[in-house]
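J.: pasting the structure only:
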């Protein structure tokens, strides 16, 4: 066994310890990739393929994190940063070093002090600031900035000043810079990805165990679990297109024994949807709407559909297959003509259905589609009581 394999095995053992004591964090952590590297001096979270990765320095793991309790606490520390979406925060003008301290104060409140190295940052390190517990990182940031600006005056010779001055720049957080440079669409999808991992971890955690989480943290999770559902019930909507699908997939299932042979697993036949999705990239569409469109498209893709996307304004700008990765840029900015993607579907792709993401600001199409058509109107688009909305052929939904 190589050192890398051994360390990954020891990280897995740490995850098992989490599972026994705090299942939610273990279930979340198990979905993350782990990698032993040399470009980082400690242990921290970075980015790979639009997903979070735990990077581990072998020397740091073997020589510094020798205590299994500390391994437990440090892993939980990194998981908390992801769950609380600290890795996505990049507000220009803020002091990054102080932001890192504030975020560490937040997450370390949810970890037993015995599970963290003595160098860790705790709420109690700053008694003169009279911190409130369970507050946001912004709250701690503002108070820490006041401390930083008055180290030699108001806080001269205080415990808070000594604690602040002793904290070095955080090597663990430097990999977050890779996340900050992503496009807004990519960051929105990373945000949705974290929400999805929270959903998965919650589903695997018993009600009793979930109820033992700290009240403030549980309240945060509940808000995510409530709001992160797709704006459209795509599983229900996509049944519209299954009826016209000519492709099928045969899979084994434990829930449906074979009627012919009386054996389990049985077989399940599922129709595969071949969808054309048109994304309005005209000049009237804002960046926030594009991000919202691709968030919903990602939910559709996860339902198991074959998707071809057309970016279009007055004409089709480009066409490509969607495989779960959002484009880094879109092409458009002109007027809007709804006929172009409909004609493309009729003559070339011949889909089971067309889903058109748009603000609806354009004349109604003149070409009749030869397949089911669903219009998805952005929340900034035409209203449901407008004549333009009523004149759109086919089914309609508004985000």
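T.: Structure's in. What do you need? Just so we're clear, the structure is a prediction, and the values are computed from it rather than from any experiment.
J.: where along the stretch 151-300 of the chain do the strands fall?
T.: Assigned by DSSP state E, counting those that start in this stretch, the strands in the stretch 151-300 of the chain fall at 247-253, 266-272, 274-280.
J.: as a whole number, average confidence for the first one?
T.: To tie it back to what came earlier, the one meant is strand 247-253. The average pLDDT within strand 247-253 is 45.
J.: before we move on, what about stretch 148-158?
T.: Here the average pLDDT along stretch 148-158 is 95.
J.: Quick one: end-to-end distance for it.
T.: 12 Å (CA to CA, to the nearest Å).
J.: Where does residue 311 sit, in terms of helix or strand?
T.: strand 306-312 (DSSP states H and E).
J.: Report the next helix or strand after that strand in sequence order.
T.: Strand 306-312 is succeeded, C-terminally, by strand 316-322 (DSSP H and E).
J.: which outside residues touch that next one?
T.: With contact meaning CB atoms under 8 Å, 6 or more residues apart in numbering, strand 316-322 is reached by 277, 281, 297, 301, 306-311, 327, 330-332, 340-341, 344. Where C-beta positions appear, they are placed from N, C-alpha and C, glycine not excepted.
J.: rerun that using 6 Å as the cut-off
T.: Contact with strand 316-322 is made by 301, 307-311, 331-332, 340, as judged by CB atoms under 6 Å, 6 or more residues apart in numbering.
J.: So for those, which is the shakiest by pLDDT?
T.: residue 301 (86).
J.: Could you verify that it is part of a helix?
T.: Yes: secondary structure of residue 301 (DSSP: H, G, I helix; E, B strand; the rest coil): part of a helix.
J.: What about it, how many residues nearby?
T.: 19 (other CB atoms under 10 Å).
J.: same check, this time on the one 4 residues further on
T.: Here the neighbour count serves as a burial measure; for residue 305 (other CB under 10 Å) it reads 23.
J.: my read: it touches residue 275, true?
T.: Yes: counting by CB atoms under 6 Å, residue 275 is a contact partner of residue 305 at 4.9 Å.
J.: rewinding a little: take the contacts of strand 316-322 and lay them out in TSV including distance to residue 290.
T.: Compiled in TSV, those are given as follows (distance: CB to CB, whole Å):
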residue	distance to residue 290
301	16
307	16
308	18
309	12
310	14
311	10
331	11
332	9
340	18
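J.: Which among those residues count as buried?
T.: Among the contacts of strand 316-322, those classed as buried by neighbour count (16 or more other CB atoms under 10 Å) are 301, 307-311, 332, 340.
J.: how about those in JSON lines, adding distance to residue 233?
T.: JSON lines is the format used below for the buried ones among the contacts of strand 316-322 (distance: CB to CB, whole Å):
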{"residue": "301", "distance to residue 233": "16"}
{"residue": "307", "distance to residue 233": "18"}
{"residue": "308", "distance to residue 233": "23"}
{"residue": "309", "distance to residue 233": "21"}
{"residue": "310", "distance to residue 233": "24"}
{"residue": "311", "distance to residue 233": "25"}
{"residue": "332", "distance to residue 233": "28"}
{"residue": "340", "distance to residue 233": "28"}
